[in-house]
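Enquirer: no FASTA, just this:
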């Protein structure tokens, strides 16, 4: 797992290594979606699902903080399993876990005209104007239509000439090469509005003082948590404010430069299992992992992924086959249906991790990453006499 440590790491190290009565080091976990908990394919990775399930089983509470609308976020909520309020529209709307609006911050009426005036003469694809339940656009063109399709945004139509009521945020859409000029033109609006980069194609405008950090602060206050009890995962410019506000902000390797700089920890990119590994190593107390809290269901979920079996197959061939193939010289035959130390996934994982010293098998927990140990256990579990290597 790739991790770069920023200057606040000594404080974080002291926090995460201190004794804890709870089964999680951070009782609150909030994660961004695009570029963070969603992979490049726009889906939650199986290892992330499993790690979040284990984190919840150990007593942690999960929340989502994203620029997405409720309609855009809904398809992934089952995989992420939030148990805390949802911070959507980059903090513009807070929803309860029942998906009912708890808090909403509307843009001032002049925000749209001010944005259009600031962008006059500059190249852009269009402006997407979001209300809590309806979305409008200011232009029809091939580039904007393609963006809306990719982002799964259903626009009601063109912004009415008299303006659209109850707007929460504006999204200025452009090609990546045009974004710097647009952002520079919009920066002067920061005197009265929030202006932030949310993706390589979008700059977003919200009411002054409204962002993910302020929305998170409000939720923590309501629920009785403090910022030191939160671990947050993000990647883009709209995550920078949170990274600056809390001690344990984790930026993905594909992070925006400002977000990278503000984060306490920089992980690997979102096309790896780095988020899952950090949850396991930093967010979950080792005592809960050792007790396998929620391990069975998490492993069963992972075992459904063919990529886990293939990863385990490669690890087995590299580390285990010499002793454990059907005619292994030392270890038991793992390709039959006889399990000496238990044949359930948690039992197999424990045997691989801890070893069997009395039988000459070393433990692998200090030699392989947690993700590799799981993949290896899943592959061994899949073996039968007909699948001997």
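Expert: Perfect, thanks for sending it. Because the structure is a prediction, the values reported are computed rather than measured.
Enquirer: List the residues that contact residue 171.
Expert: Neighbour list for residue 171: 127-130, 198, 202-205 [criterion: C-beta atoms under 8 Å, 6 or more residues apart in numbering]. No exception for glycine: its C-beta is placed from N, CA and C like everyone else's.
Enquirer: same deal with residue 162?
Expert: Residue 162 neighbours (C-beta under 8 Å, 6+ apart): none.
Enquirer: and it, that one's in a helix?
Expert: No: using DSSP: H, G, I helix; E, B strand; the rest coil, the assignment for residue 162 is coil, not a helix.
Enquirer: Pull up the gap between it and residue 115, please.
Expert: 17 Å (C-beta to C-beta, to the nearest Å).
Enquirer: what's the most distant pair in the contacts of residue 171?
Expert: Maximum pairwise distance among these (C-beta to C-beta): 14.8 Å, between 129 and 198.
Enquirer: more crowded one of those two?
Expert: Remark: of residue 129 and residue 198, residue 129 carries more neighbours, 26 against 23, as counted by other C-beta atoms under 10 Å.
Enquirer: Kindly provide the distance from the more buried one to residue 216.
Expert: Noted for residue 129: a distance of 25 Å to residue 216, by C-beta to C-beta.
Enquirer: likewise residue 77?
Expert: For residue 77 relative to residue 216 (C-beta to C-beta), the value is 18 Å.
Enquirer: quick one, which of those two is more surrounded?
Expert: The neighbour comparison of residue 77 against residue 216 (other C-beta under 10 Å) goes to residue 216, with 27 against 16.
Enquirer: In terms of helices and strands, where is that one?
Expert: helix 212-223 (DSSP states H and E).
Enquirer: tell me the SS of residue 377?
Expert: helix.
Enquirer: Show the end-to-end separation of stretch 280-288, please.
Expert: When the termini of stretch 280-288 are compared using C-alpha to C-alpha, to the nearest Å, they are 10 Å apart.
Enquirer: buried sites along that stretch?
Expert: For stretch 280-288, a neighbour-count test (16 or more other C-beta atoms under 10 Å) marks 280-285, 288 as buried.
Enquirer: now do stretch 366-382
Expert: 368, 370-381.
Enquirer: what mean pLDDT does that stretch have?
Expert: Average pLDDT, stretch 366-382: 86.
Enquirer: Looks like residue 155 contacts residue 136 (just checking).
Expert: Yes: with contact defined as C-beta atoms under 8 Å, residue 155 reaches residue 136; the gap is 6.1 Å.
Enquirer: and for those two, which residues touch both?
Expert: Common neighbours of residue 155 and residue 136 are listed as residue 128 (criterion: C-beta under 8 Å, 6+ apart).
Enquirer: can you give me the helices in the stretch 251-389 of the chain?
Expert: Secondary structure of the stretch 251-389 of the chain (DSSP state H, counting those that start in this stretch): helices at 257-262, 274-278, 286-290, 295-303, 306-319, 321-324, 345-354, 370-382.
Enquirer: Tell me the gap between the fifth one and the middle of its chain.
Expert: What it means is helix 306-319. 25 Å (C-alpha atoms, centre = their mean, to the nearest Å).
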